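Visitor: quick one, what's the 3D model for this:
(one chain, ligands or ions: 1)
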Amino acid sequence: MRLKNIPGAHDTLIAHPQFVVMDPAVYKGKWKELFQNNQPIHIEIGMGRGQFIHTLAKQNPHINYIGIEKMSSVLYEALLKVKNESLPNLYLIRMNVENITDIFAKGEVKRIYANFSDPWPKNRQAKRRLTHHKNLRRYEEILPFEGEFFFKTDNRILFEFSLNELLNEEWKVRNVTFDLHHSTFSEENVLTEYEVKFSSKGYPIYSLEANMIKE
Ligand SMILES: C[S@@+](CC[C@H](N)C(=O)[O-])C[C@H]1O[C@@H](n2cnc3c(N)ncnc32)[C@H](O)[C@@H]1O
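Guide: Sure, this is the predicted structure:
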């Protein structure tokens, strides 16, 4: 994701509380109050400009969605995308995944999506990968038993690393494919912005689903 400093981005985020939650920790254990219903909550970590989560929120009004992005400038672009069409089941948050347990209580999130996350190829950067076991353990703290983690990437090395991390952490992994777009799972697949970019260059898309089965 190309980064640029957008003057006024922060103020614009603050000015749109119906789309952006600026103080997410306030809602820990209380997200249902914000959504005003008991629908399941699905989140996307590193949502970028929000194409994927916005599409899902439109398609599935019976599910509540929260898009998480660490960069204000990118979140601002996501806001521009979603703000023309107010959806009661979608909120955006600026946050680093490291703080995810500060904003969700155990079992509050039913499904986590991580799409085309940064590969951080150097060994010394491995802890920053969204599928590093340090992050998987954070996800364990917010998912219920059998809560879900959905992961897609164009990066085979990151995919194999993620598969190993999940298996080592004793997650139940299913629906693994090394070529999502030519698999039986492609029919229900919702494209992300990066997915469109990489698949148009002919790169295969790797994908998996996993359940958290630690009590
Ligand atoms: C390569 S982009 C992919 C965007 C989108 N998911 C897609 O598939 O089009 C990865 C995004 O994740 C965000 N990101 C990276 N590390 C993050 C972290 N630790 N917490 C939250 N967001 C993060 C980046 O700022 C970037 O916008």
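Visitor: residues touching Leu13, list them.
Guide: Taking Cβ atoms under 8 Å, 6 or more residues apart in numbering, we find Leu13 in contact with Val20, Met22, Ser72, Leu75, Tyr76, Leu79, Arg94. Where you see a C-beta, it was placed from the backbone N, CA and C, and this is true even at glycine.
Visitor: as a markdown table, these with neighbour count would be great.
Guide: A markdown table is the format used below for those (neighbours: other Cβ atoms under 10 Å):
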| residue | neighbour count |
| --- | --- |
| Val20 | 22 |
| Met22 | 12 |
| Ser72 | 16 |
| Leu75 | 27 |
| Tyr76 | 22 |
| Leu79 | 21 |
| Arg94 | 22 |
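Visitor: farthest-apart pair in the residues you listed, please.
Guide: Based on Cβ to Cβ, the longest span within the contacts of Leu13 runs between Met22 and Tyr76 and measures 12.7 Å.
Visitor: just to revisit the earlier point, tabulate the contacts of Leu13 (TSV), appending distance to Leu167 and secondary structure.
Guide: Below are those laid out as TSV (distance: Cβ to Cβ, whole Å; DSSP: H, G, I helix; E, B strand; the rest coil):
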residue	distance to Leu167	secondary structure
Val20	36	strand
Met22	38	coil
Ser72	35	helix
Leu75	33	helix
Tyr76	37	helix
Leu79	37	helix
Arg94	32	strand
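Visitor: so which of the residues you listed is the closest to Pro119?
Guide: Leu75 (21.4 Å).
Visitor: the closest one reaches Asn96, doesn't it?
Guide: No - contact status for Leu75 versus Asn96: not in contact, 11.9 Å apart, counting by Cβ atoms under 8 Å.
Visitor: get me the contact residues on this structure for the ligand.
Guide: Residues of the chain lying close to the ligand (Cβ under 6 Å from any ligand atom) are 1, 45-48, 68-71, 74, 96-97, 115-118, 192-195.
Visitor: many thanks, we can stop here.
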